[in-house]
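> Sequence first, predicted model second:
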Amino acid sequence: MSAPDSHAPAAKAGLALGSVGVVYGDIGTSPLYALREGLAAAAEGAAPDPEAVTGIVSLLLWMLILIATLKYVLLILRADNRGEGGTLSLLALCQRAFGGRKMAVLGLGIVGTALFFGDAMITPAISVLSAVEGAVLIAPAVEPYVVPATIAILFALFWVQSRGTGRISRFFGPVMLVWFLTMGGMGLWHIMDAPRILAAFNPIHGIGYLVLHGTTALPVLAAVFLAITGAEALYADMGHFGREPIRMAWFGLVFPCLALAYLGQGALVIAHPETARDPFFLMASETFLPLLVAMATLATVIASQAVITGAFSVARQAVQLGLLPRLTVLHTSTTQEGQVYLPQINGILLVTVVMLVMTFRSSANLATAYGIAVTGEMIVTTFLAAFVFRKVWGWSPGLIALVVIPLLLIEGALFSANLTKFANGGYLPITVAAVLAIVMWTWVRGTAAVETRARERAVPLEVLARSLAGSDRLARAPGTAVFLSQDPVATPSALAHNLKHNQTLHAQNLVVSVRIANRPTVDEAERAVVTPLDENFTRIRLTFGYMDDPNVPRAIRAVVPFDIMATSFFLSRRSFRVGGRDGWPLLQKRLYRTLTAASSSAFEYFHLPADRVVEVGQQNIL
């Protein structure tokens with residue numbers, strides 16, 4: 001894959017515009033509610049104090065400067081895995097650096113991935129709710145219809161996923177460009193209401209607010225953290241646009257407009273304290289307000305779309321890296337391999353998002369559930385990045401401590417602040433993340449145990465080949481037989497059962513193993529390693545990147561010609577019976593059995609022709 005950063009300046013500008021629509025959708029809609037919730041947490045019903053407003057806006061600005069800009073835009077974007085970013089890319093980098101799976105690193109990757117999905121279910125709910133609520137300022141009588149309208153928008157959004165979003169996504173960038181310019185313009189206009197708000201750039205005001213209010217400032221800190229939700233997307237979507245275009249968009253448009261939006265809201269509240277109830281929408285005049293509400297709704301739909309697309313991508317990577325069972329992956333574009341649709345993930349997200357809207361019923365209530373998962377994911381990213389700094393970049397321990405310790409102190413404080421919202425809804429994303437972490441750990445542990453047991457019992461393929469060489473006891477079938485095997489050395493169980501029960505050997509027998517590399521893509525020239533064993537058997541080892549589409553027939557045909565209509569693909573379908581006394585908890589064994597039964601079939605996942613597949617059943621004891 002060619003790095004997007006190698007494009008010409010004009011192409012970089014186009015990629016930068018595209019990143020505005022996809023990468024910055026979530027963080028770009030935070031001004032709808034971040035300052036509002038910070039003021040509400042600080043005032044507790046009283047009129048906001050001007051110095052407090054300046055302090056809260058200062059905290060918002062320095063969240064953007066320290067976390068979004070310094071950590072992600074300037075530092076973490078450098079930690080790419082062959083152009084790809086995100087928690088799982090960091091995990092893959094660490095695994096490659098350590099030469100295999102290290103349990104501590106794998107555990108961090110599992111936790112980070114689980115927390116991502118805990119965040120992904122809240123973003124569409126709070127974003128669309130906050131935009132639709134703006135209509136109440138135009139016509140208070142529509143308030144009873146806010147929740148139904150939000151649910152209708154969300155249903156439409158999730159319904160369209162199966163049709164692909166390639167056609168409409170080209171408009172995301174221009175729409176969000178207008179959105180950011182509108183926010184920045186309104187903010188710049190209202191700064192003149194109280195120019196003293198510009199003092200918020202001095203971090204002393206934010207620090208002073210925290211020192212003055214002590215532990216009572218924790219809810220405020222948790223609220224202002226909402227300004228950087230979506231910062232993880234800066235890194236996760238790097239593979240789509242490249243490091244430089246994302247940085248260009250941040251420094252040239254996104255950060256200035258966000259800063260102006262928060263400064264303008266703060267100035268408005270200082271000059272007109274009654275606007276603290278919804279400072280973003282009240283920056284607009286009555287004439288412009290309906291258009292602003294419509295733009296905000298469109299912007300939140302785009303932000304939600306980016307999160308949903310990211311969830312599909314992360315789930316696919318998790319399957320490829322062996323953290324989740326096989327899921328059905330449908331491609332929605334004939335030209336863009338990365339545009340995929342995962343029905344199971346789409347359905348789960350739709351149900352959880354609608355339940356959140358129906359339970360919390362307002363963005364203010366839902367804001368209490370936001371933050372814990374995001375801050376937890378950021379802490380995981382920092383720890384994984386520390387491993388990369390040391391093992392991949394070769395940084396000294398002193399330099400790592402100089403960078404990592406301040407980040408962990410800030411993110412630890414943010415995490416602690418968000419924990420104050422645990423009982424009021426923060427338990428939801430944590431519960432979801434905990435369940436997903438258990439599922440992933442069970443799958444990783446169960447798969448390793450099953451493969452180890454199968455390897456212990458299997459006959460080496462070369463031993464079997466030697467025993468069958470020159471044998472006239474077997475019937476010969478015309479055509480090609482392809483046996484898929486997880487272990488490239490052992491005899492596939494489907495082959496062993498076919499020989500045992502049918503006493504038949506095909507004219508050409510290909511034993512194919514598939515490996516997923518710790519990098520996003522693998523060049524076609526490196527895809528296959530072909531090893532002829534004798535006149536009967538040929539071993540083929542296929543390697544795919546965790547972002548590649550594992551099309552096995554196409555990969556085989558590139559190195560060994562065969563007639564697909566004269567070929568049978570033999571698969572082993574394992575079923576499990578719970579039993580044994582190996583120290584593995586009974587409930588975890590049952591969960592693994594359930595996950596295995598629910599995983600999509602191998603012939604779909606590897607793109608095997610359904611009418612050419614022969615499945616051989618095999619029962620195992622857990």
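That came in fine, so what should we check first?
> Quick check: which element contains the most centrally placed residue in the chain?
With the centre of the chain defined as its mean C-alpha position, the nearest residue by Cα atoms, centre = their mean is residue 314, 4.0 Å away. Secondary structure assigned from DSSP states H and E places residue 314 in helix 289-320.
> Give me the distance from that helix to the chain's centre.
12 Å (Cα atoms, centre = their mean, to the nearest Å).
> same question, stretch 414-425
22 Å.
> Now tell me what touches that stretch from outside.
Contact with stretch 414-425 is made by 218-219, 221-222, 225, 360, 365-366, 368-369, 371-372, 375-376, 378-379, 426, 430, as judged by Cβ atoms under 8 Å, 6 or more residues apart in numbering. C-beta coordinates here come from the backbone N, C-alpha and C atoms, glycine included.
> Inside helices: which ones of these?
Of the contacts of stretch 414-425, the ones assigned to helices by DSSP state H are 218-219, 221-222, 360, 365-366, 372, 375-376, 378-379, 430.
> looking at those, which has the most residues close by?
Within these, residue 372 tops the neighbour count with 29 neighbours, counted by other Cβ atoms under 10 Å.
> how near is that residue to residue 30?
The gap separating residue 372 from residue 30 is 16 Å, by Cβ to Cβ, to the nearest Å.
> try residue 305
To residue 30, residue 305 is 16 Å away according to Cβ to Cβ.
> Those two - which one has more neighbours?
residue 30 (28 against 22).
> Does the more buried one touch residue 226 like I think?
Yes: using Cβ atoms under 8 Å, residue 30 is in contact with residue 226, at 5.6 Å.
> in the protein, which strand has the most residues?
strand 504-516 (DSSP state E).
> Can you tell me the strand partners of that one and which way each runs?
Counting by DSSP bridges, the strands paired with strand 504-516 are strand 475-485 (parallel), strand 537-544 (parallel).
> For those, state which one has the densest average packing.
strand 537-544 (a mean of 20; mean count of other Cβ atoms under 10 Å).
> Counting by contacts, list what the following helix or strand past that strand packs against.
Later in the chain than strand 537-544, the nearest helix or strand by DSSP H and E is helix 552-557. Here helix 552-557 touches strand 475-485, strand 504-516, strand 537-544, going by 3 or more Cβ pairs under 8 Å, 6 or more residues apart in numbering; DSSP states H and E.
> Adding distance to residue 451 and mean pLDDT, write those out as CSV.
Below are the helices and strands packed on helix 552-557 laid out as CSV (distance: least, Cβ to Cβ, whole Å; pLDDT from 0 to 100):
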stretch, distance to residue 451, mean pLDDT
strand 475-485, 11, 90
strand 504-516, 12, 90
strand 537-544, 16, 94
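> which intervals of the stretch 51-200 of the chain have sub-threshold pLDDT?
164-169 (pLDDT under 70).
> Which secondary structure state does the residue lying farthest from the centre of the chain sit in?
The centre of the chain is farthest from one residue, residue 472, which by Cα atoms, centre = their mean lies 54.7 Å away. Look at residue 472: counting by DSSP: H, G, I helix; E, B strand; the rest coil, its state is coil.
> Which pLDDT value goes with it?
What the model reports as pLDDT for residue 472 is 72.
> Likewise for residue 7?
Listed pLDDT for residue 7 reads 51.
> can I see the domain layout of this structure?
Domain assignment for the chain by automatic domain parsing gives 18-445, 459-621.
> Just name the most buried of those domains.
Each of those was scored by mean neighbour count; the highest is domain 18-445, a mean of 20, by mean count of other Cβ under 10 Å.
> picking up where we left off before, could you dump the domains of the chain to TSV with distance to residue 12?
TSV is the format used below for those (distance: least, Cβ to Cβ, whole Å):
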stretch	distance to residue 12
domain 18-445	5
domain 459-621	21
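> Can I get stretch 194-205 in PDB, CA atoms only?
The C-alpha trace of stretch 194-205 is given here as PDB (Å, rounded to 0.1, in the frame of the first residue of the first chain):
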ATOM      1  CA  ALA A 194     -16.500  39.800  26.200                       C
ATOM      2  CA  PRO A 195     -12.900  40.000  24.900                       C
ATOM      3  CA  ARG A 196     -11.600  39.000  28.300                       C
ATOM      4  CA  ILE A 197     -12.400  35.400  27.400                       C
ATOM      5  CA  LEU A 198      -9.100  35.500  25.400                       C
ATOM      6  CA  ALA A 199      -7.300  35.100  28.700                       C
ATOM      7  CA  ALA A 200      -8.500  31.500  28.600                       C
ATOM      8  CA  PHE A 201      -5.400  30.700  26.500                       C
ATOM      9  CA  ASN A 202      -3.400  31.200  29.700                       C
ATOM     10  CA  PRO A 203      -3.400  27.800  31.500                       C
ATOM     11  CA  ILE A 204      -3.200  29.500  34.900                       C
ATOM     12  CA  HIS A 205      -7.000  30.200  34.700                       C
END
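> residues making contact with it?
50-51, 53-55, 57-58, 60-62, 191, 206, 262-263, 266-268, 270-271.
> re earlier: could you measure from the residue farthest from the centre of the chain over to residue 15?
63 Å.
> The very next helix or strand once past the longest strand of the chain pairs with which strands, and in what direction?
Using DSSP H and E, the helix or strand that directly follows strand 504-516 along the chain is strand 528-532. Strand 528-532 sits in its sheet next to strand 537-544 (antiparallel), going by DSSP bridges.
> Report the angle between the partner strand and helix 289-320.
The directions of strand 537-544 and helix 289-320 differ by 150 degrees, with axes from the mean of the first three to the mean of the last three Cα atoms, to 10 degrees as the criterion.
> Would you mind writing the CA trace of strand 537-544 as PDB?
Output in PDB follows, covering the C-alpha atoms of strand 537-544 (Å, rounded to 0.1, in the frame of the first residue of the first chain):
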ATOM      1  CA  PHE A 537       0.400 -33.300  -1.900                       C
ATOM      2  CA  THR A 538       1.400 -29.700  -2.200                       C
ATOM      3  CA  ARG A 539       1.500 -27.400   0.900                       C
ATOM      4  CA  ILE A 540       0.500 -23.800   0.400                       C
ATOM      5  CA  ARG A 541       1.000 -21.200   3.100                       C
ATOM      6  CA  LEU A 542      -1.100 -18.000   2.600                       C
ATOM      7  CA  THR A 543      -0.400 -14.800   4.500                       C
ATOM      8  CA  PHE A 544      -2.900 -11.900   4.600                       C
END
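> Any chance you could list what contacts it?
Counting by Cβ under 8 Å, 6+ apart, 320, 461, 465, 488, 508-517, 522, 526-533, 550, 552, 555-556, 559-560 sit against strand 537-544.
> let's go with 6 Å and repeat that
Strand 537-544 is touched from outside by 465, 488, 509-517, 522, 528-533, 550, 555, with contacts defined as Cβ atoms under 6 Å, 6 or more residues apart in numbering.
> That concludes my questions; thank you for your assistance.
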